[in-house]
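Below are the sequence and a predicted model for it; my questions follow.
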Amino acid sequence: MISDGTRGAPAIEVQDLRQSYGDFEAVRGISFQVQPGELFALLGTNGAGKTTTIEVLEGFSAPTGGAVKVLGHDPFKERARVRARTGLMLQEGGFFGDLTVDETVRFWRDVSPRKPHSAVEILERVELADKAGVRVRQLSGGQKRRLDLALATLAQPEVLFLDEPTTGMDPEARRNTWTLIRDLVAAGTTVLLTTHYLEEAEQLASRLAIMHAGRIELSGTVAEVVAAHGHSIRFQHPAQVAARHLPVLGGVQPQVERGTVEYRLSPDPVDTQQALARLLAWASEHRLVLTRLEVRSASLEDVFLEVAHGA
Ligand SMILES: Nc1ncnc2c1ncn2[C@@H]1O[C@H](COP(=O)(O)OP(=O)(O)OP(=O)(O)O)[C@@H](O)[C@H]1O
């Protein structure tokens, strides 16, 4: 059940959301909640429906099905009320290219309901103070993203929507932006972030969801999502052993690809330990040295690729 906006309610609630463009259903019944002060990351393949979801939450369109609430309100029907308390950074920032960076910040600051920082402070926070006199159209892609972030956070929103905020940024600018986002979360801002950088989600998100073709395939903390995926044992395929003579470990068949043998095991560490013991015993029996032997937990990238390939 979606809450009624009373105290203690989630900052963002999405309940069985569906969104269509004509006959095409881009979002096919997704549900999640984001608690106040939490950073939730929506990950997914291209065209999965992340931007569509964010646009509904920002009140740009009414959902075709289901319900959403932001700070306890319907963002479409009560748009003015919700907009005053939210900040958004869209994939395509809507700048006037002829204005300078400083003029742009002053313009947005003038129309903003809250003005906690001066234009100079705002530009310093995103390291654009030295670009104050430059026309917006002359900024690089990464600099435009930083300006966009400055404008989205200018009025100290309670909820911030960040749609691929660090796309086009160099590694240093990305890390600085992460610090800025972390500071906002530490100060109590609720953030919904979409990103294609898995490391960004690992660094920033307390919980995440992975979308594919309009559905949420997996969600939870990074540790939960990764733990559900299991462990793998890998080593270089010993030349003297035919693939069909490799052992089966705890019922798991080996997969041999590009000279590497891999066993994909359950998340249970006891299974992994037993499989490893059995493998080492087999190697001693056959007087084999297993080179580049590794046992590892799945990474977020492994999980993502499995979702993307529909495994
Ligand atoms: N205005 C529109 N009209 C028709 N189809 C649309 C429209 N906007 C998006 N779509 C389609 O809806 C699907 C979801 O798009 P969306 O932009 O939400 O995905 P996304 O997860 O943000 O993708 P990406 O990671 O590539 O930015 C895509 O198949 C897209 O082509």
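Here it is on my side, so go on. Model, not experiment: these values are computed from the prediction.

State the phi and psi torsions of the residue minimising distance to the centre of the chain.
Centroid check for the chain by C-alpha atoms, centre = their mean gives A41 as the closest residue, at 3.4 Å. When read as degrees, to the nearest 10, the backbone of A41 gives phi -110, psi 130.

Look up which residues are beta-bridged to it.
L193, L208 (DSSP bridges).

And the pLDDT for it?
For A41, the pLDDT comes out at 97.

Check R79 too.
On the pLDDT scale, R79 gets 92.

Counting neighbours, what do you get for it?
14 (other C-beta atoms under 10 Å). Placement of C-beta: from N, CA and C, glycine included.

how near is it to the ligand?
Separation of R79 from the ligand (C-beta to the nearest ligand atom, to the nearest Å): 19 Å.

can I assume the residue nearest to the centre of the chain is in contact with T194?
Yes - here A41 reaches T194: they are 7.3 Å apart, a contact under C-beta atoms under 8 Å.

Just the terminal-to-terminal distance for stretch 114-123.
In stretch 114-123, first residue to last residue: 16 Å (C-alpha to C-alpha, to the nearest Å).

which residues in the stretch 101-250 of the chain form helices?
Using DSSP state H, counting those that start in this stretch, the helices found in the stretch 101-250 of the chain span residues 101-111, 119-125, 141-153, 171-186, 198-204, 222-227.

in stretch 202-215, what counts as buried?
Q203, L204, A205, R207, L208, A209, I210, M211, H212, A213, G214, R215 (16 or more other C-beta atoms under 10 Å).

I meant stretch 174-187, not that one.
Buried residues in stretch 174-187 (16+ other C-beta under 10 Å): R174, N176, T177, W178, L180, I181, L184, V185.

now stretch 135-155
Those buried within stretch 135-155 under the rule 16+ other C-beta under 10 Å are 135-136, 139, 142-155.

Over to stretch 257-271?
Applying 16+ other C-beta under 10 Å to stretch 257-271 flags V261, E262, Y263, R264, L265, S266, D271 as buried.

Same check on stretch 214-224?
G214, R215, I216, E217, L218, S219, V222.

what does stretch 304-311 give?
Quick answer for stretch 304-311 (16+ other C-beta under 10 Å): F304, E306, V307, A308.

These into JSON lines, with extra columns for pLDDT, distance to the ligand and secondary structure?
Formatted as JSON lines, those follow (pLDDT from 0 to 100; distance: C-beta to the nearest ligand atom, whole Å; DSSP: H, G, I helix; E, B strand; the rest coil):
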{"residue": "F304", "pLDDT": "92", "distance to the ligand": "12", "secondary structure": "helix"}
{"residue": "E306", "pLDDT": "85", "distance to the ligand": "18", "secondary structure": "helix"}
{"residue": "V307", "pLDDT": "88", "distance to the ligand": "13", "secondary structure": "helix"}
{"residue": "A308", "pLDDT": "87", "distance to the ligand": "11", "secondary structure": "helix"}
